[in-house]
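# my questions are about this predicted structure, shown below with the sequence.
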Amino acid sequence: MNPLTRKPFERQADRFAAAMNMPLGPFRKQMALLPFGMPTVENLAQIYFASIESAAIHYVDLIDEPCALICLEREYEEHGLLIPDSPLKVRYQVGNVNFPFRIKPGTVIPLENELLWACSKDEYYTEGSLSGSDLGLKPSTNLWINCLPQNHVGGVLALIYPGNGLPQFVIDPLKVI
């Protein structure tokens, strides 16, 4: 199902299921102990026997800092075959209430973007600074991005954060219950 469904009862059901599978208190405590990024999301997904995508959406919902998850995919032919060197396109964005930008689905990532291209080609994490123009935002916008190849060929899940570096604390340790 599309994570950005406009049906409020579907989003409410998704949040309820995430809270049941990944309880807020323990999930937030573990988030506070781990650094920002997709490796943390991957660890949380394993701990709670959840998909990386659902753990990432839950992570973004609970994080105190402005953050968003974007899902990037390559083009597919009519018969379902991947077009090998097609550019990455934004499939969807899920941002928390503090994230100030809206990245439109269908935004094409330039092939020159080494960071995202390397992640879509290989099986390792990439992270670094990204210009807003690569995501259809103002060129003066600086974003930090942390990527993980998705479980299907050529796909990428990425956490994005405004600024030129990683946030120090994603969960205020003093607020964790």
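In hand now; what should we look at?
# poorly predicted segments of this structure, please.
Applying pLDDT under 70 to the chain flags the ranges 1-8, 11, 76-84, 123, 151-153, 168-177.
# tell me if I'm right that residue 138 and residue 162 touch.
No. Under the criterion of Cβ atoms under 8 Å, residue 138 is not in contact with residue 162, lying 11.8 Å apart. Using the backbone N, CA and C atoms, a C-beta is placed for each residue, glycine as well.
# more neighbours, those two?
Legend: neighbour count by other Cβ atoms under 10 Å for residue 138 and residue 162, higher for residue 162 (18 against 9).
# can you pull up the most central residue in the protein?
residue 69 (2.4 Å; Cα atoms, centre = their mean).
# what kind of secondary structure is that residue in?
strand (DSSP: H, G, I helix; E, B strand; the rest coil).
# is it bridged to anything, and to what?
Under the criterion DSSP bridges, residue 69 forms beta bridges with residue 94, residue 159.
# now do residue 127
residue 146.
# help me confirm that residue 140 is found in a helix?
No. Going by three-state DSSP, the assignment for residue 140 is coil, not a helix.
# which residues touch it?
Residues in contact with residue 140 (Cβ atoms under 8 Å, 6 or more residues apart in numbering) are residue 132.
# kindly report the same for residue 100.
Applying Cβ under 8 Å, 6+ apart, one finds that residue 100 lies in contact with 66, 162.
# doesn't it belong to a helix?
No. Secondary structure of residue 100 (three-state DSSP): coil, not part of a helix.
# for it, phi and psi?
Backbone geometry at residue 100, expressed as degrees, to the nearest 10, gives phi -90, psi 0.
# in the chain, which helix is the longest?
helix 8-21 (DSSP state H).
# who are the packing partners of it?
Here helix 8-21 touches helix 52-62, going by 3 or more Cβ pairs under 8 Å, 6 or more residues apart in numbering; DSSP states H and E.
# the helix it packs on to helix 8-21, inter-axis angle?
100 degrees (axes from the mean of the first three to the mean of the last three Cα atoms, to 10 degrees).
# quick one: contacts of helix 52-62?
Contact with helix 52-62 is made by 3, 14-15, 18, 21-22, 24, 27-28, 31, 38, 40-42, 44-45, 48, 50, 67-69, 71, 94-96, 148, 150-151, 157, 159, 171, as judged by Cβ under 8 Å, 6+ apart.
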